[in-house]
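Chemist: would you be able to build a 3D model of this:
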Amino acid sequence: MAAGHSVDPARWQAGLEELLGRVAGRFGRVEPRRRARAFVLGLLADLPRKNCWTIAEHAGDATPDGMQHLLGRAVWDHDGVRDDVRAYLVEHLGDPEAVLVVDETGDLKKGVQSVGVQRQYTGTAGRIENAQVAVYLVYATDAGHAMIDRELYVPRGWIQDPERLGAAGVPDQVGFATKPALATAMLRRALDAGVPAGWVTGDEVYGADPGLRAELEGRGVGYVLAVACDHRVLAAGDIYRADALLRRVPARAWQCVSAGQGAKGHRYYDWAFVRLDHGDPSLDDQGGQRWLLVRRNRTTGELAFYHCWTPHPVSLATLVRVAGRRWTIEERFQTGKGLCGLDQHQVRRWRSWYRWTTLAMLAHAFLVVAAGTERTRHPPPSGLISLTCNEVQHLFATLAARPAGDLGHRLRWSVWRRRHQARARTCHYQRQANGP
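Modeler: Alright, predicted model coming up:
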């Protein structure tokens with residue numbers, strides 16, 4: 001290793017084994033525990049596509065049957081693993097002023113049988129597409145940020161089709177829940193578990209939901225939630241659209257403040273805020289202060305609005321800092337999908353989706369903590385940026401997560417894939433010949 005470089009794959013390997021040791025008790029038998037370890041190593045590998053086939057080949061298995069069994073039928077507690085991952089991240093990133101960020105992301109699909117899939121809007125494509133949508137909760141601090149919870153959004157059309165639900169293995173107790181309701185359930189779960197956090201932020205879908213806001217106010221957790229320009233707020237004893245309150249903002253009230261650093265440096269905007277009245281008398285005994293925060297693009301003049309509540313007085317810079325944390329979830333979606341195969345699953349059933357997603361979150365948590373530890377304990381020499389999750393994954397895949405098997409193993413997998421694809425093609429032709 002070159003002088004001045006502190007990269008130590010053995011240290012990362014030990015860190016991953018420590019994390020896997022934390023979740024070992026969630027597996028009733030040694031076989032699924034060992035297979036889960038191989039699965040996570042496959043998620044961290046430099047595979048062009050990550051699914052049960054490629055991960056099984058990387059692990060040295062003869063077929064994907066074992067990996068498919070791990071996701072679909074093996075006995076283990078995926079929600080318990082989620083809780084362990086959350087505790088691991090809090091241990092390494094914990095901060096009482098942390099921000100919990102809620103948002104959804106979509107995985108584009110071609111078929112109609114994957115659980116929850118239908119034509120719906122997804123920010124991934126920026127339009128209505130055939131997609132599967134899930135809501136995630138990210139824990140964000142100065143030390144790093146990572147996903148700590150997930151819930152699959154099941155559209156109302158699915159809930160009204162018991163046969164379809166049964167085919168996808170959706171539990172009987174699952175009913176229709178909006179995305180804000182799923183976010184509220186995850187926030188409640190995190191706060192009940194003692195996750196230290198002072199703030200919550202999210203986009204307009206969540207800012208418009210009074211139930212989510214009431215839940216946070218009742219718990220004394222501040223929020224900075226985006227809202228639409230026509231969002232109704234109470235100010236000076238009357239109801240106004242958010243954009244109508246701009247006339248109350250004098251020119252001198254605007255301040256240029258950074259919303260945090262992005263890939264190209266600080267994100268500077270002009271900001272102002274307006275004091276609001278309490279909209280719900282039942283919450284008046286909670287105290288606190290309510291604000292409308294306004295962001296103005298310094299180049300285009302484009303406006304964005306945020307409904308805010310704070311349990312105690314804070315500065316404009318604090319509200320801006322919380323609002324800026326919302327972009328961290330986009331970064332986590334990008335790295336979770338690009339590095340750990342979060343969206344590359346080819347599973348159709350409820351349990352398999354949750355298990356794949358949970359193991360991808362575990363792999364991602366390892367990268368976040370490894371990168372954060374390197375930044376803190378082993379600062380880079382002059383002329384280098386700190387190690388990122390992308391660089392940790394690339395180095396770990398190259399130096400530690402090496403594929404198993406020799407040339408014969410690869411050739412046997414080639415035969416297996418071609419045989420399986422030939423059978424699939426024959427079945428497809430037979431269905432076409434038989435007609436609908």
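Chemist: for this protein, just list every one of the strands.
Modeler: For the chain, the strands defined by DSSP state E cover 99-108, 118-122, 127-141, 144-152, 199-202, 222-227, 232-235, 238-241, 255-262, 265-276, 289-296, 303-310.
Chemist: show me what the fifth one packs onto, helices and strands only.
Modeler: Judged by 3 or more CB pairs under 8 Å, 6 or more residues apart in numbering; DSSP states H and E, strand 199-202 is in contact with strand 99-108, strand 222-227, helix 316-324. All C-beta atoms are positioned from the backbone trio N, CA, C, and that covers glycine.
Chemist: return the distance of it from the chain's centre.
Modeler: Chain-centre distance of strand 199-202: 14 Å, with CA atoms, centre = their mean, to the nearest Å.
Chemist: who touches that strand?
Modeler: Outside strand 199-202, the residues that touch it by CB atoms under 8 Å, 6 or more residues apart in numbering are 97-103, 183, 187, 216, 221-226, 322-323, 325-326.
Chemist: which among those end up buried?
Modeler: Among the contacts of strand 199-202, those buried by neighbour count (16 or more other CB atoms under 10 Å) are 98-103, 183, 187, 216, 221-226, 322-323, 325-326.
Chemist: nearest to residue 47, out of the strands of the chain?
Modeler: strand 99-108 (17.5 Å; CB to CB).
Chemist: need the per-residue pLDDT for the closest residue to residue 24 other than its chain neighbours.
Modeler: Sequence neighbours aside, residue 33 is the residue nearest to residue 24 in space, at 5.6 Å (criterion: CB to CB, 6 or more residues apart in numbering). Confidence at residue 33, expressed as pLDDT, is 97.
Chemist: ok, residue 284 next?
Modeler: 46.
Chemist: go on, residue 333?
Modeler: The model reports residue 333 with a pLDDT of 93.
Chemist: that one and residue 380: what is the separation?
Modeler: Using CB to CB, to the nearest Å, residue 333 is found at 26 Å from residue 380.
Chemist: and the two? Which one has more around it.
Modeler: For residue 333 versus residue 380, neighbours defined as other CB atoms under 10 Å are more numerous around residue 333 (21 against 15).
Chemist: ok, that one - contacts?
Modeler: Here residue 333 is in contact with 103, 105, 136, 342 (CB under 8 Å, 6+ apart).
Chemist: my guess is residue 361 contacts residue 138. True?
Modeler: No - between residue 361 and residue 138 there is no contact under CB atoms under 8 Å: 10.4 Å.
Chemist: so which elements touch the helix or strand bottoming out on mean pLDDT in the chain?
Modeler: Lowest on mean pLDDT, DSSP states H and E among the helices and strands of the chain sits helix 407-434, with a mean of 77. Judged by 3+ CB pairs under 8 Å, 6+ apart, the packing partners of helix 407-434 are helix 52-59.
Chemist: the helix it packs on - contacts with which helices or strands?
Modeler: With contacts taken as 3+ CB pairs under 8 Å, 6+ apart, helix 52-59 sits against helix 30-44, helix 65-72, helix 407-434.
Chemist: circling back to that earlier point, so what's the residue nearest to residue 24 up against?
Modeler: Residues counted as contacts of residue 33 (CB under 8 Å, 6+ apart) are 24, 27, 76.
Chemist: relative to residue 355, how far out is it?
Modeler: Residue 33 is 13 Å from residue 355, where distance means CB to CB.
Chemist: mutual contacts of the two, please.
Modeler: Each of residue 76 lies in contact with both residue 33 and residue 355 under the rule CB under 8 Å, 6+ apart.
Chemist: now the residue lying closest to residue 356 once chain neighbours are set aside. Its backbone dihedrals?
Modeler: Among residues not flanking residue 356 along the chain, residue 345 sits closest, at 4.2 Å (CB to CB, 6+ apart). Per-residue torsions, residue 345: phi -60, psi 150 (degrees, to the nearest 10).
Chemist: determine which stretch of the helices and strands packed on helix 52-59 is the most buried.
Modeler: helix 30-44 (a mean of 21; mean count of other CB atoms under 10 Å).
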